[in-house]
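Engineer: Any chance you could fold what I've pasted below:
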Amino acid sequence: MPRKRTAAPAVARPPVLRRIAISTGGGDAPGLNAVIRAATLSALQHGWEVVGIRDGYNGLMNPGNYPWGGLVHLNRETVKGITHLGGTIIGSTNKGNPFSLPVKQADGTVVEEDHSDRLVAAFHREGIDALVSVGGDGSLAIAHRLAGKGIRVVGVPKTIDNDLDRTVITFGFDTAVSFATDCVDRLHSTAEAHGRVMVVEVMGRYAGWIALNTGIAGSADAVLIPEIPYDLRKVAEKVNERFHGGGGFAIVVVAEGAKPVDGAATVRSREAGRADRLGGVGEKVAAALQEMTGHETRCVVLGHLLRGGRPTSFDRLLSLRFGAAAVRALAEGHQDVMVALNPPRVDLVPLEEVSGRMRAVPLDSDSVMTARELGMCFGD
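Structural biologist: Prediction:
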């Protein structure tokens, strides 16, 4: 059943908007350009001027770093033919949180400073009346805090990880899963030809949506996700069972945030002002499985390949709907809200109900039950 509609707050008199900005923050995702196109064309219908902020908020915070200016003027010509393109024409970054900006001191140490007032002043200086913030949990948390400082904001949920709360799905996810599934399909043939175990590491941070859906669609033998800490002995048993049963090869899909029952997620690096960089769990799992089973094992890390390329038709449609809905919300006078898919509608939900909340894979979900009924191993 569709979820109960969240009623958007009533607005007595919509504000007069003349100039709005679009910002794309965090990791890129297929469909960003479609959002930019839809928001731009919709805003032009209202007679508004539209600008894109380069690289998150860097174009406003540090305009001198851009020879052609930190703002991109968006019109029908600049957004022509970009719906099918991956990436974002205005750039993105997962650094530069204005509320926690890393600043190097004279002694070489790095401290985090709040520069949000400088960013708010830049919005006013540029005559920007409202902001469409397109991003994941980090970007939308920043957007919510900017709303608290008086910036009129509507958020658009974007992440290939599909881990944002209060929306059925985020754009970019379908494209990532489709590509990952295609890769697993290809690995089946080479794994069978050489009688190997293939471990496929996919993105997703601390949510297992990509790994779970890819594993089911790609007929994996084992799927390791952050929500279910794994015991590699159980995975090794599944691999041996596969070989002894005449399969002759095995496929294991691992989410980058997966962790063993007695350990933590594998972190490659930590840096001030940004989220931990996950990765490396696939190699660990592959090495351990080869030692435990005696079967030759290889690891393939899909990594940023999942972020690139053309969005699927589903992600294009969702992105266009989200972009248009964001402008519609601004025209109706809403603020500090996020557009969210609640089929068959796109609803508005308060950003405070999204900020700081991660949507993990429910252990009792139909997808998890389906995987178990198909004989897939989660390592538990």
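Engineer: Wait, residue 40 touches residue 79, no?
Structural biologist: Yes: using Cβ atoms under 8 Å, residue 40 is in contact with residue 79, at 4.8 Å. Quick note: C-beta positions are derived from backbone N, CA and C, even for glycine.
Engineer: Those two: which is more packed in?
Structural biologist: The residue with more neighbours, out of residue 40 and residue 79, is residue 40; 25 against 21, by other Cβ atoms under 10 Å.
Engineer: which element is that one on?
Structural biologist: helix 32-45 (DSSP states H and E).
Engineer: Residue 327: neighbour count?
Structural biologist: Neighbours of residue 327 under the rule other Cβ under 10 Å: 27.
Engineer: sec struct for it, please.
Structural biologist: helix (DSSP: H, G, I helix; E, B strand; the rest coil).
Engineer: Give me the contact list for the longest helix along the chain.
Structural biologist: The longest helix of the chain (DSSP state H) is helix 173-194. By Cβ atoms under 8 Å, 6 or more residues apart in numbering, the residues outside helix 173-194 that reach it are 29-31, 159-162, 196-198, 200, 202-203, 209-210, 213-215, 217-220, 248-251, 253, 296, 300, 302, 305-307, 309-312, 314-315, 318.
Engineer: Tell me which residues touch residue 87, please.
Structural biologist: Residue 87 is in contact with 28, 32, 33, 308, counting by Cβ under 8 Å, 6+ apart.
Engineer: What is the helix holding residue 40 packed up against?
Structural biologist: Where contact means 3 or more Cβ pairs under 8 Å, 6 or more residues apart in numbering; DSSP states H and E, helix 32-45 is packed against strand 19-24, strand 49-53, strand 130-135, helix 313-331.
Engineer: Surely residue 48 touches residue 18?
Structural biologist: Yes: the criterion here is Cβ under 8 Å, and residue 48 meets it with residue 18 at 6.3 Å.
Engineer: Between these two, which is the more surrounded one?
Structural biologist: residue 48 (18 against 12).
Engineer: List the residues that contact the more buried one.
Structural biologist: 17, 18, 19, 20.
Engineer: which of the residues you listed sit farthest apart?
Structural biologist: The most widely separated members of those are 18 and 20, with 8.4 Å between them, by Cβ to Cβ.
Engineer: Quick check: neighbours shared by those two?
Structural biologist: Common neighbours of residue 18 and residue 20 (Cβ under 8 Å, 6+ apart) are 48, 49, 129.
Engineer: Excluding chain neighbours, give the residue nearest to the last one in space.
Structural biologist: Closest residue to residue 129 in three dimensions, ignoring its sequence neighbours and counting by Cβ to Cβ, 6 or more residues apart in numbering: residue 17, at 4.6 Å.
Engineer: Helix or strand: which one has that neighbour?
Structural biologist: Going by DSSP H and E, residue 17 is not in any helix or strand.
Engineer: per-residue confidence for the residue nearest the centre of the chain?
Structural biologist: The centroid of the chain falls nearest to residue 159 when counting by Cα atoms, centre = their mean (1.7 Å). The model reports residue 159 with a pLDDT of 95.
Engineer: and the gap between it and residue 213?
Structural biologist: From residue 159 across to residue 213, the span is 14 Å (Cβ to Cβ, to the nearest Å).
Engineer: How about residue 33?
Structural biologist: 24 Å.
Engineer: Next: residue 238.
Structural biologist: 19 Å.
Engineer: Going by contacts, tell me the helices and strands next to the strand or helix carrying residue 121.
Structural biologist: Element membership for residue 121 (DSSP H and E) is helix 116-125. When contacts are defined as 3+ Cβ pairs under 8 Å, 6+ apart, helix 116-125 packs onto helix 58-61, helix 137-148.
Engineer: All good on my end, thank you.
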